[in-house]
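Asker: Show me the folded form of this:
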Amino acid sequence: MQSGLGKLSKWILEFETKDPGKNPLMGWESSSDTYTELRLEFSSKELAINYAKKMKIDYEVIEPKKRKIVKKSYADNFLI
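Answerer: Numbers count the residues shown, from 1 in each chain. Predicted coordinates:
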């Protein structure tokens with residue numbers, strides 16, 4: 001299967017979980033910090049960085065990895 005190229009031009013600002021804990025009932029990781037549920041999308045890296053600086057948010061830029069595209073054909077499934 002080959003993944004599509006949609007939504008590659010967006011930059012996302014996500015917040016890290018502060019004070020994670022374990023839910024005693026289900027055993028899942030949980031937190032009372034609601035910022036972890038927030039995801040902000042930006043059209044460029046510069047806009048995301050400027051927003052983080054303006055709001056005094058510590059940030060880390062993670063550059064996207066270079067995609068290695070291998071072209072496949074349906075007929076390749078039947079070649080020995």
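
Asker: quick one: strands adjacent to the helix or strand of the chain with the lowest mean pLDDT?
Answerer: Lowest by mean pLDDT, DSSP states H and E among the helices and strands of the chain is strand 29-30, with a mean of 76. Note on strand 29-30: by DSSP bridges, its sheet partners are strand 21-22 (antiparallel).

Asker: Please enumerate residues in contact with the partner strand?
Answerer: By C-beta atoms under 8 Å, 6 or more residues apart in numbering, the surrounding residues in contact with strand 21-22 are W28, E29, S30, S31. C-betas here are computed from N, CA, C, even on glycine.

Asker: Name the SS class of I69, please.
Answerer: With DSSP: H, G, I helix; E, B strand; the rest coil as the basis, I69 sits in coil.

Asker: give me the number of residues near the closest residue to P64 other than its chain neighbours?
Answerer: Distances taken as C-beta to C-beta, 6 or more residues apart in numbering place L8 nearest to P64, at 7.3 Å, with adjacent residues excluded. L8 has 8 neighbouring residues, counting by other C-beta atoms under 10 Å.

Asker: For M55, see how far away L8 is.
Answerer: Between L8 and M55 the distance, using C-beta to C-beta, to the nearest Å, works out to 25 Å.

Asker: Equivalent analysis for S9, please.
Answerer: Separation of S9 from M55 (C-beta to C-beta) stands at 23 Å.

Asker: one step back: which one of the contacts of strand 21-22 sits closest to S43?
Answerer: Among these, S31 lies closest to S43 (C-beta to C-beta), at 29.3 Å.

Asker: Quick one: classify the most centrally placed residue in the chain as helix, strand or coil.
Answerer: By C-alpha atoms, centre = their mean, the chain has its centre lying nearest to I12, at 6.4 Å. Recorded secondary structure, I12: strand (three-state DSSP).

Asker: give me the beta-bridge partners of it?
Answerer: On the basis of DSSP bridges, I12 is bridged to E41.

Asker: Then E29?
Answerer: Going by DSSP bridges, E29 forms beta bridges with K22.

Asker: That's all I had, so thanks and see you.
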